[in-house]
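Quick check, what structure comes out for this input:
(2 chains)
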There are 2 protein chains.
Amino acid sequence: MTKPLPQGATIGILGGGQLGRMLSVAAARLGYRTHIFEPGENPPAGDVAHRLTTAPYDDHAALTAFAKSVDVVTYEFENIPTAALDLIEDHAPIRPSRKALAISQDRLDEKKFLTSLGLETAPFATVATAGDLAAALVQIGAPAILKTRRLGYDGKGQVRISKAADTEAAFAAMKGAPAILEGVVDFTREISVIAARSLGGQVAAYDPGENVHKSGILHTTTVPAQIVPEHRNAAVLLAGKVLNTLDYVGVIGVELFVTHMGLVVNEFAPRVHNSGHWTQNGCAVDQFEQHIRAITSWPLGDGSRHADVVMENLIGEDIARVHDLSEEANAALHLYGKAEARGGRKMGHVNRITPLTS
Amino acid sequence: MTKPLPQGATIGILGGGQLGRMLSVAAARLGYRTHIFEPGENPPAGDVAHRLTTAPYDDHAALTAFAKSVDVVTYEFENIPTAALDLIEDHAPIRPSRKALAISQDRLDEKKFLTSLGLETAPFATVATAGDLAAALVQIGAPAILKTRRLGYDGKGQVRISKAADTEAAFAAMKGAPAILEGVVDFTREISVIAARSLGGQVAAYDPGENVHKSGILHTTTVPAQIVPEHRNAAVLLAGKVLNTLDYVGVIGVELFVTHMGLVVNEFAPRVHNSGHWTQNGCAVDQFEQHIRAITSWPLGDGSRHADVVMENLIGEDIARVHDLSEEANAALHLYGKAEARGGRKMGHVNRITPLTS
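The predicted model follows:
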């Protein structure tokens, strides 16, 4: 058995947003320090990190100094340049591994990987040219969604195609970037599983949460999800399959559609996930600590839940509601310290706790 | 109604130990930054603070710069030099106020204050000379405990007097410091109430916890305490009386003895308290966030509890048990990141959560 990193060791985190912020707090709870690497000024994670490096990902001197100063490196987002990872890996291990990161960075590779495991996904086809798109639309049928293969999140880089006449504008919106056409899945619910795998291969999962999106951004996650036990089990098992196949270390978020035909995998994120924020107030070990435990060789928490929780994201002007929210009994606020409330910006979230029902 | 400090405002904290550390994390959860002032190197709170000043309390330039950089100042321990407080108060408000701090810094003033409110305390007498001690012992009777009036904590600065012959050694142990002789209270249980008062005068209290000490240091706090409802109510009411009389702002910890004659107040601490750590995993708003809410003008959490909790302190070599503890279901670890496990040093704590019983 590998021993956990000693008290006072330092975890490097690529990205200084709210996920890095909550990872820093969890690291502290296990006696670790964090060093944040983030190009932007005044990142939310900087408020609770032992150290902050403000530099772009092509500043090789800064990256090397960062990597040398830490014991292990993790990340809060997927789109990290390959050259930066190459540099870091010379000095410190990166967890989860680059394989998971590479697959999740490309929607086409991700879909191919998932289907290779026998998992259901939306029908998909690769789109490099306008001709590809026309052929793909015939194959998949409308409505369908054209997405850039890389660098999309929160509904960005996506265009819905309702009829064949939409293809030209949709293709133009990709601006020449390699794309993928995905069929629209007829689902009854969206759920996600937050699961983790340790260095020693131990796997643990939280109860699936039920997600509701607004304008392409997660609005609420409710636990427990209103799904049959077979789907709950299937969701956890397929997350385990993904983790084991990737020889994964850390927390993963797997988004699923519940359909009349069974579960369909939408996508996975090789990191802590917005739909796992409920664990902060529903579990003894939340997703952030679970991730830190995995990458620093602690035993994992078992994922057990001691309360029902509804997590609601506070987006943009929702921040004006926090005073009222603070007066609600059993509402736990988690704000990110962002001074400016731009539209669509995630400002915080609230976890509403109620007694365990199932 | 006063508006809360805006997102991104900075809270100054005097003291960089584990209480400052957990206050920093709670401040971040409400969108605030912290600036820690601490004479010692590498303080635990420095790992999760936006800014750290390492300087002694008589470095007036450092203190002034600190006070100018923050919007409000609070503290994690009582024994702050008066001159330092004078300097700070020229630039930022200190909460809780200096009155509460001054009373709690002196065991004699504290006892006088408590009895002036009609609250029961142990019998006590002031001791400045060996003659005072002899007379006090006759008045109070043995066994009794001789304590320095100032600067005592975790059983330090205390000598038990079992018989008259012990007085000479006990008096010598005070090294000339003003002292107080306290009668020993015949109690059945030790409990504490963690309560808070807002700037607007709102008062909220958590359920009393039952405390067990080992070698003068808190070992466990169990919630709910096994006490009759009358004692639970009396404990909460007397905490409110103390808070209102002091026009207090922030969290207070009041330690009580449960006796056959009713409740006897041992002492209060004008800050978050070790016996309130259970709230981190038992309440939507824990004592640290409650303190931050109070001093930054948020509405207080209502103190409601969603689980039973047993908090156990991890002292010195207990830190070697954390690997086993991390494998327990429903055990939430809170480590302080202290590299060196000296005897008697508080290294962390664990909160064991079970379903609500009452």
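
switch to C-alpha atoms for all contacts and neighbour counts from now on
OK.

closest point of the stretch 251-358 of chain A to chain B, which residue?
A:Gly337 (3.6 Å; C-alpha to the nearest C-alpha).

Which helix or strand contains that residue?
Under DSSP states H and E, no helix or strand contains A:Gly337.

got it, and A:Phe171?
helix A:167-173.

quick one on the thing from earlier: OK, contacts around the residue of the stretch 251-358 of chain A closest to chain B?
When contacts are counted by C-alpha atoms under 8 Å, 6 or more residues apart in numbering or on different chains, A:Gly337 touches A:44, A:347, B:7-8, B:28-33.

Show me what counts as buried in the helix holding A:Phe171.
For helix A:167-173, a neighbour-count test (16 or more other C-alpha atoms under 10 Å in any protein chain shown) marks A:167, A:170-171, A:173 as buried.

How about exporting that helix as CSV, limited to the C-alpha atoms?
Extracted in CSV, the C-alpha atoms of helix A:167-173 (Å, rounded to 0.1, in the frame of the first residue of the first chain):
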residue,chain,number,x,y,z
THR,A,167,-26.5,23.1,-42.3
GLU,A,168,-24.7,26.0,-44.0
ALA,A,169,-25.0,28.4,-41.1
ALA,A,170,-24.1,25.7,-38.6
PHE,A,171,-21.0,24.7,-40.5
ALA,A,172,-19.9,28.3,-40.8
ALA,A,173,-20.4,28.7,-37.0
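
separation between A:Val242 and A:Asn211?
21 Å (C-alpha to C-alpha, to the nearest Å).

out of these two, which sits in the busier spot?
A:Asn211 (23 against 20; other C-alpha atoms under 10 Å in any protein chain shown).

Surely that one and A:Pro224 touch.
No - counting by C-alpha atoms under 8 Å, A:Asn211 does not reach A:Pro224; the two are 10.7 Å apart.

Kindly check the end-to-end length of stretch A:66-78 for me.
End-to-end distance (C-alpha to C-alpha), stretch A:66-78: 19 Å.

Is it in proximity to chain B?
No - Stretch A:66-78 does not reach chain B (C-alpha under 8 Å from any C-alpha of the partner chain); its nearest approach is 14.1 Å.

Give me the next element, helix or strand, following the lengthiest helix in chain A.
Counting residues, the longest helix found in chain A (DSSP state H) is helix A:229-245. Tracing the chain past helix A:229-245, the next element assigned as helix or strand by DSSP H and E is strand A:250-259.

Mind giving me the packing neighbours of the following helix or strand past that following strand?
Reading on from strand A:250-259 to the C-terminus, the next helix or strand found by DSSP H and E is strand A:262-269. Counting contacts by 3 or more C-alpha pairs under 8 Å, 6 or more residues apart in numbering or on different chains; DSSP states H and E, strand A:262-269 is packed against helix A:107-116, helix A:229-245, strand A:250-259.

tell me the contacts of A:Asn219?
Just to correct that, residue A:219 is His rather than Asn. A:211-213, A:312-313.

Residue ranges in the stretch 51-200 of chain A under the pLDDT threshold?
Counting by pLDDT under 70, the stretch 51-200 of chain A contains low-confidence residues at A:152-156.

80 instead?
A:151-157 (pLDDT under 80).

Could you pull out the strands in it for me?
Shown for the stretch 51-200 of chain A, the strands assigned by DSSP state E, counting those that start in this stretch span residues A:51-54, A:72-75, A:124-127, A:144-148, A:158-161, A:179-183, A:189-197.

could I get the ones you listed as a markdown table with mean neighbour count?
Listed next are these as a markdown table, based on neighbours: other C-alpha atoms under 10 Å in any protein chain shown:
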| stretch | mean neighbour count |
| --- | --- |
| strand A:51-54 | 20 |
| strand A:72-75 | 24 |
| strand A:124-127 | 21 |
| strand A:144-148 | 24 |
| strand A:158-161 | 21 |
| strand A:179-183 | 26 |
| strand A:189-197 | 26 |
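
ok, back up a step: identify those among the contacts of A:Gly337 that sit within strands.
A:347, B:33 (DSSP state E).

Buried among the contacts of A:His219? Make that a PyMOL selection.
To isolate the buried ones among the contacts of A:His219 in PyMOL, judged by 16+ other C-alpha under 10 Å, type:
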select buried, chain A and resi 211+212+312+313
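
Tabulate the contacts of A:His219 in TSV, adding columns for secondary structure and distance to chain B.
Formatted as TSV, the contacts of A:His219 follow (DSSP: H, G, I helix; E, B strand; the rest coil; distance: C-alpha to the nearest C-alpha, whole Å):
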residue	secondary structure	distance to chain B
A:Asn211	strand	22
A:Val212	strand	23
A:His213	strand	24
A:Glu312	strand	15
A:Asn313	strand	14
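
for the residue at the greatest distance from the centre of chain A, what are its contacts?
Distance from the centre of chain A peaks at A:Ala165, with 34.0 Å (C-alpha atoms, centre = their mean). By C-alpha under 8 Å, 6+ apart, the contact set of A:Ala165 is empty.

Quick check: it vs B:His219, distance?
The gap separating A:Ala165 from B:His219 is 72 Å, by C-alpha to C-alpha.

With A:Ser297 instead?
From A:Ser297 to B:His219 the distance is 28 Å (C-alpha to C-alpha).

And for A:Pro355?
When A:Pro355 is compared with B:His219 (using C-alpha to C-alpha), they lie 29 Å apart.

what's the answer for A:Asp207, then?
Taken as C-alpha to C-alpha, the span from A:Asp207 to B:His219 is 34 Å.

Just the buried residues of stretch A:256-265, please?
Under the neighbour-count criterion of 16+ other C-alpha under 10 Å, stretch A:256-265 has A:256-258, A:263-265 buried.

Over to stretch A:214-225?
Per 16+ other C-alpha under 10 Å, stretch A:214-225 contains these buried residues: A:217-225.

Quick one: end-to-end distance for that stretch.
Where stretch A:214-225 begins and where it ends lie 18 Å apart, using C-alpha to C-alpha.

Now it: average pLDDT?
Model confidence over stretch A:214-225 averages 95 on the pLDDT scale.

next one: that stretch to chain centre, how far?
Relative to its chain's centre, stretch A:214-225 lies at 13 Å (C-alpha atoms, centre = their mean, to the nearest Å).

what does stretch A:119-134 give?
That offset, for stretch A:119-134, works out to 24 Å (C-alpha atoms, centre = their mean).

buried set for that stretch?
Buried, per 16+ other C-alpha under 10 Å, within stretch A:119-134: A:119-127, A:132-133.

which one is the residue of the stretch 251-358 of chain A closest to chain B nearest to, not counting chain neighbours?
Excluding the flanking residues, the one nearest A:Gly337 by C-alpha to C-alpha, 6 or more residues apart in numbering or on different chains is B:Gly31, at 3.6 Å.

Next: A:Arg150.
A:Asp106 (5.0 Å).

Could you pull up phi and psi at the one you found?
phi -130, psi 110 (degrees, to the nearest 10).

Could you report the neighbour count for it?
The tally of other residues near A:Asp106 (other C-alpha under 10 Å) stands at 20.

Please apply the same query to A:Gln287.
A:Gln287: 34 neighbours (other C-alpha under 10 Å).

That one against A:Asn281, yeah?
No - judged on C-alpha under 8 Å, A:Gln287 makes no contact with A:Asn281 at a distance of 10.6 Å.

Kindly provide the distance from A:His231 to chain B.
Distance of A:His231 to chain B, computed by C-alpha to the nearest C-alpha, to the nearest Å: 24 Å.

Secondary structure class of A:Gln290, three-state.
When classified by DSSP: H, G, I helix; E, B strand; the rest coil, A:Gln290 comes out as helix.

just the one 4 residues further on next, same as before
Reducing the assignment to helix, strand or coil with three-state DSSP, the entry for A:Ala294 is helix.

which residues touch it?
Contacts of A:Ala294 by C-alpha under 8 Å, 6+ apart are A:196-199, A:249-251, A:300.
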